[in-house]
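Engineer: After the sequence you'll find the predicted model.
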Amino acid sequence: MIRVTFVCLGNICRSPMAELLFKKMVKERGLTDSFEVTSCGTFSYEDGSPLHDPARETLRAHGVSGDHTARKVTMDDVVKSDYLLVMDESNQSDLTEFAGVAGKGKIYMLMSFTPRGGAVADPWFTHDFEKAYADIEEGCRCFLDFILQKGV
Ligand code: 4NP
């Protein structure tokens, strides 16, 4: 079992988009039972919120369905996860500080698995949900390839 937790700031846009898309990718490969996938945010101000509407609509336009209720990351997430995949540098520093030694070797930028690296720009601020989706799709696809090369 590989435990993957996607992490962003509010857990209403990028990380739940990544969670739902990655679950679909894994399902399409017949690997649902090999993965436990969730998402959370580094801050709690969106706790209990559903997916942000434009995020849900963008997913739907790409054939990805499902919902998510926002929640803040816990130490349990850190301890149980094999991979904590963050969207940008500020998620990375916030999560690294929160996780302490328990996060050592587990926190990666999602886009670091792609040839171009970088960050998933926050659509909350850019309003560009298509760009965020494209980044997340590439990141999730390359991350899954990485895992499959290592062997599930
Ligand atoms: P996310 O986007 O981190 O991709 O879920 C954000 C959602 C909410 C806020 C910021 C970013 N906010 O400031 O409330």
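Structural biologist: Cool, got the structure. Keep in mind that what you see is a predicted model, and the values were worked out from it rather than measured. Numbers count the residues shown, from 1 in each chain.

Engineer: Quick one: end-to-end distance for stretch 108-127.
Structural biologist: End-to-end span of stretch 108-127 (C-alpha to C-alpha, to the nearest Å): 24 Å.

Engineer: To clarify, my last question referred to stretch 108-125.
Structural biologist: Across stretch 108-125, first to last residue, C-alpha to C-alpha, it's 22 Å.

Engineer: Residues touching it, excluding its own?
Structural biologist: Where contact means C-beta atoms under 8 Å, 6 or more residues apart in numbering, the residues beyond stretch 108-125 that reach it are 6, 8-10, 12-14, 18, 52, 54-55, 83-89, 92, 128-129, 131-132, 135-136, 138-140, 142-143, 145-146. Any C-beta I mention is one placed from the backbone N, CA and C, and that applies to glycine too.

Engineer: For the residue in the chain that the ligand sits nearest to, give me the pLDDT.
Structural biologist: Closest approach between the chain and the ligand, counting by C-beta to the nearest ligand atom: Gly10, at 2.7 Å. pLDDT recorded at Gly10 is 97.

Engineer: can you check Ala121 too?
Structural biologist: pLDDT, Ala121: 87.

Engineer: Partner strands of the host helix or strand of Tyr108, with direction?
Structural biologist: With secondary structure defined by DSSP states H and E, Tyr108 is part of strand 107-109. Next to strand 107-109 in the sheet, as set by DSSP bridges, lie strand 83-86 (parallel).

Engineer: How far away from the center of its chain is the strand it pairs with?
Structural biologist: 7 Å (C-alpha atoms, centre = their mean, to the nearest Å).

Engineer: looking at this structure, which helix or strand does the model trust least?
Structural biologist: Using mean pLDDT, DSSP states H and E, helix 123-126 stands out as the lowest-scoring helix or strand of the chain, at a mean of 93.
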